[in-house]
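S.K.: The sequence and its predicted three-dimensional model are supplied below.
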Amino acid sequence: MQVLAIIPARKGSKGVPGKNTQLIAGKPLIGYTVDVALQCPALTNIVISTDDEAIWQYAEGLNVTVHKRPASLATDASPVVLTIIEVIHFAEKLFNTQYDAVMILQPTAPLREPFHINEAIQMLQNSPAYDCLISVVQAGDLHPARMYTIDGGTLHSLQPENEHLNRQQLPPVYSRNGSIYLTRRNALLANKKIMLSPALAYIMDAKYHLNIDEPRDMLLAKAILENKPA
């Protein structure tokens, strides 16, 4: 299976400004995703799509390709799928090939390991009835049974039938963890969507779950990665 890995790394970030280039243990955040991808021979090519000159410079000398994202695709309102489609065409022209699948590796999920990527690719390859695979993690305390909407100051349970159950009694539910999105190339281009239904669930252990959206997530990333065994 020919798999194109795309690492989208837009410069602008309101939650954590400049997060993709923030240094953690001497390495920019995006470097953790690049390093893991480079350890996966199952990935045919790796492309970083960014409008950040600092990332262009960082990628020099690495065995990755840089797609210089145009400003029109780098705004807060720009749908990421449009960037993904452009990168597919860019890479296929550059490498004179047509991929079977496209894997999105967000730099804001730095705890994935090479075996996760390899397992996900093998899982989709062994499941011809599916066009999409999404990595997920089992919900802990953030279970829908603990969640409510509020109408006029009144709580309304999302799962009233499970609201009073102990944690051990709750039916398992899963949330996307942002680590891996893997979609067959033809289905992605035909539907102009990264996530397609039905999607295969690639379940990851919670110890690999970290998606950096706000400053406290960055603090946690530094605590984990700066103390990770070499």
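M.R.: Noted; the coordinates are in hand.

S.K.: Can you pull out the low-pLDDT segments for the chain?
M.R.: For the chain, the stretches with pLDDT under 70 are 12-15, 230.

S.K.: Please name every helix or strand in contact with the strand ranked longest in the chain.
M.R.: For the chain, the strand that runs over the most residues, judged by DSSP state E, is strand 174-184. When contacts are defined as 3 or more CB pairs under 8 Å, 6 or more residues apart in numbering; DSSP states H and E, strand 174-184 sits against strand 101-104, helix 114-125, strand 132-138, strand 200-203. In this view, the C-beta of every residue, glycine as well, is placed from N, C-alpha and C.

S.K.: Can I get the first one in CSV, CA atoms only?
M.R.: If I follow you right, that is strand 101-104. Extracted in CSV, the C-alpha atoms of strand 101-104 (Å, rounded to 0.1, in the frame of the first residue of the first chain):
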residue,chain,number,x,y,z
ALA,A,101,-4.1,6.1,1.2
VAL,A,102,-3.4,9.3,3.0
MET,A,103,-2.4,9.5,6.7
ILE,A,104,-2.9,12.8,8.6
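
S.K.: Give me the residues contacting it.
M.R.: With contacts defined as CB atoms under 8 Å, 6 or more residues apart in numbering, strand 101-104 is touched by 1-6, 8, 43, 80, 84, 88, 117, 120-121, 124, 180-185, 188, 194.

S.K.: same check, this time on stretch 179-186
M.R.: Stretch 179-186 has contacts (CB under 8 Å, 6+ apart) with 3-4, 88, 98-106, 109, 111-112, 116-117, 120-121, 124, 131-135, 193-196, 202, 204, 208-209, 211.

S.K.: ok, of those residues, which come out buried?
M.R.: Buried by 16 or more other CB atoms under 10 Å: 3-4, 88, 99-106, 109, 111-112, 116-117, 120-121, 124, 131-135, 193-194, 196, 202, 204, 208-209, 211, out of the contacts of stretch 179-186.

S.K.: what sits against L111?
M.R.: Under the criterion of CB under 8 Å, 6+ apart, the neighbours of L111 are 32, 179, 207-210, 224-225.

S.K.: and with 6 Å instead?
M.R.: Each residue near L111 by CB atoms under 6 Å, 6 or more residues apart in numbering is listed here: 208, 210.

S.K.: hang on, it is in a strand, isn't it?
M.R.: No: secondary structure assignment (DSSP: H, G, I helix; E, B strand; the rest coil) places L111 in coil, not in a strand.

S.K.: Many thanks, have a good one.
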